[in-house]
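Asker: Mind folding the following:
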Amino acid sequence: MTSNRNTRFTLWAGLLIFSSLAPLVAVADEDTGELQITVHEGLVSVTAREVPLQDVVQEIAVQHELRLVQHVTLDRLVSIEIERQPLPEVLDDILADESYQLYRLVGNEDDAGADKPIPGSLWIFSEGSALAPAAMLYFEAVVLEGNVGEKKEAIRELRRLGTADAVQTLSVALGDDDPRVRNAAMEALSTIGGDDALAAIASASMHEDPLVRGKAADAIAMADGYSSTEYLQIVLQDEDPRVRASVIDSLGDIGDERSLQVIQQALQDPHPTVRERALEVINELNDDAAFRALYPPE
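Answerer: Residues are numbered from 1 along each chain as shown. Okay, the predicted model is just below:
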């Protein structure tokens, strides 16, 4: 992930909520210049006169419970006055010559009874520096240790990124115990597409739960890759007729000549429900083809 001048990459929008209405105030020693940082009701005020930028950033990170990761030295002195601004706007102002990424979590309905939340992170780096490995560590931590809401938010961001590292982390989420997380990961992988994403989804087609195997077939079809039909042809050998029927629906969603040929093979399936569904889908595809021939798109 790269940035030009200032990149604010907020994973979860919103500000951290403090349990007390009393403002948090930090004041630097006189020997290091004048620095006062106040956090009140989620808004940040900063007064700095000839203070090392490192001290300002460090204190902001401490007060917002952010893990600070730096790829650049912040050794210059700064003088700045900011009055009650959201944290991202404050970072935009004080990090005028650096790029940064901010990953944070906010509470949601899935947080009830959760353990201590995973802390957010603030990465500061020079233009063109490699950030992805450090960022992926954060996402992996959320996917492995977060609550359901946090995991789903991380999965949405990984889907947006769509990188090879994102696919790998989403593959880990496919093994989650919660079906909401697994389904979100499957949908994200199908959106990203590509051989690696398809291979990850196909691994879920071997899950012990037939419902999971059926959903994997749907996700394979949605990925719309060249290998989708081949994967579905393999899943069509599933021992559960419900899964095989789901595969036929997925092949029908693809709807090309190759998928139609695979569906025709299911007309010989030993289970009557699967054979009937195969015939229905073939008729639907033929009707669609006939309609397109009569009324081609403009």
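Asker: switch to C-alpha atoms for all contacts and neighbour counts from now on
Answerer: OK.
Asker: how about the helices of this protein, start to end?
Answerer: Secondary structure of the chain, counting by DSSP state H: helices at 53-63, 87-94, 132-145, 148-161, 164-173, 179-192, 195-204, 210-223, 228-235, 241-254, 257-265, 272-294.
Asker: Which of the ones you listed sits closest to Gln101?
Answerer: Nearest to Gln101, of all the helices of the chain, is helix 132-145, at 8.9 Å by CA to CA.
Asker: Report the buried residues of the closest one.
Answerer: 135-136, 138-140, 142-143 (16 or more other CA atoms under 10 Å).
Asker: circling back: quick one, which of the helices of the chain gets closest to Glu41.
Answerer: helix 87-94 (11.4 Å).
Asker: What helices and strands are in contact with that closest one?
Answerer: Where contact means 3 or more CA pairs under 8 Å, 6 or more residues apart in numbering; DSSP states H and E, helix 87-94 is packed against strand 43-52.
Asker: For the strand it packs on, what does the pLDDT average out to?
Answerer: The average pLDDT within strand 43-52 is 91.
Asker: Show me how far it is from its chain's centre.
Answerer: Put simply, strand 43-52 sits 34 Å off its chain's centre (CA atoms, centre = their mean, to the nearest Å).
Asker: Okay, now the sheet partners of it, with direction.
Answerer: The pairing partners recorded for strand 43-52 under DSSP bridges are strand 34-40 (antiparallel), strand 77-85 (antiparallel).
Asker: C-alpha coordinates for it, CSV please?
Answerer: Extracted as CSV, the C-alpha positions of strand 43-52 are listed here (Å, rounded to 0.1, in the frame of the first residue of the first chain):
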residue,chain,number,x,y,z
LEU,A,43,-11.7,15.8,20.2
VAL,A,44,-8.0,16.7,20.4
SER,A,45,-6.5,20.0,21.2
VAL,A,46,-2.7,20.6,20.7
THR,A,47,-0.5,23.4,21.7
ALA,A,48,3.1,22.9,20.8
ARG,A,49,6.0,25.5,20.7
GLU,A,50,9.4,24.3,19.5
VAL,A,51,8.7,20.7,20.6
PRO,A,52,10.1,17.6,18.9
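Asker: Give me the buried positions along that strand.
Answerer: For strand 43-52, burial by neighbour count (16+ other CA under 10 Å) applies to 43-49, 51-52.
Asker: Noted, bye for now.
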